[in-house]
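**Q** structure of the sequence below:
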Amino acid sequence: MQLSLDPKLFEDHQSVFIRELVENIKIKLQEIGLEGSQLEDATASVAFSIASTIDGTTMIEADGTEVHPYLTFQTGDDVITHSGENAYTHEFVYGILKSLFDR
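**A** Next comes the predicted model:
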């Protein structure tokens, strides 16, 4: 597998990825009956929490083992693309929420 440094392509993929994640969170919360401001608040809370975990801004540790995620995307048959730094998916969440909830 070849590792490719391409910050622009990584950002594009990151945006698509987090949009899909936020949309799925919203759908699942609607399925259990949330609506209105409760739906919006819960979607935001869950999305920011998951994005922060993906980005490595949340401490992950179990039984003395620390885990530091590093997001990459498969962009070819044997190519994975990264940005050269940690992901920043949490930065996309607000804009996505704004578009999903027509604010």
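**Q** can you show me the helices along the protein?
**A** Remark: helices assigned in the chain by DSSP state H are 7-31, 36-55, 90-100.
**Q** could those helices go into TSV alongside mean neighbour count and mean pLDDT?
**A** The C-beta positions use only the backbone N, C-alpha and C, and glycine is treated the same way. Shown next, in TSV, are those (neighbours: other C-beta atoms under 10 Å; pLDDT from 0 to 100):
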stretch	mean neighbour count	mean pLDDT
helix 7-31	16	97
helix 36-55	16	96
helix 90-100	16	96
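**Q** take these and write them to CSV, including distance to residue 1.
**A** Output for these, formatted as CSV (distance: least, C-beta to C-beta, whole Å):
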stretch, distance to residue 1
helix 7-31, 16
helix 36-55, 20
helix 90-100, 26
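**Q** please name whichever of those is nearest to residue 82.
**A** Closest of these to residue 82 is helix 7-31, at 6.1 Å (criterion: C-beta to C-beta).
**Q** so the closest one versus helix 90-100, what angle?
**A** Calculated by axes from the mean of the first three to the mean of the last three C-alpha atoms, to 10 degrees, helix 7-31 forms an angle of 50 degrees with helix 90-100.
**Q** output the contacting helices and strands for helix 7-31.
**A** Contacts defined by 3 or more C-beta pairs under 8 Å, 6 or more residues apart in numbering; DSSP states H and E place helix 7-31 against helix 36-55, strand 73-76, strand 79-82, helix 90-100.
**Q** sounds good, over and out.
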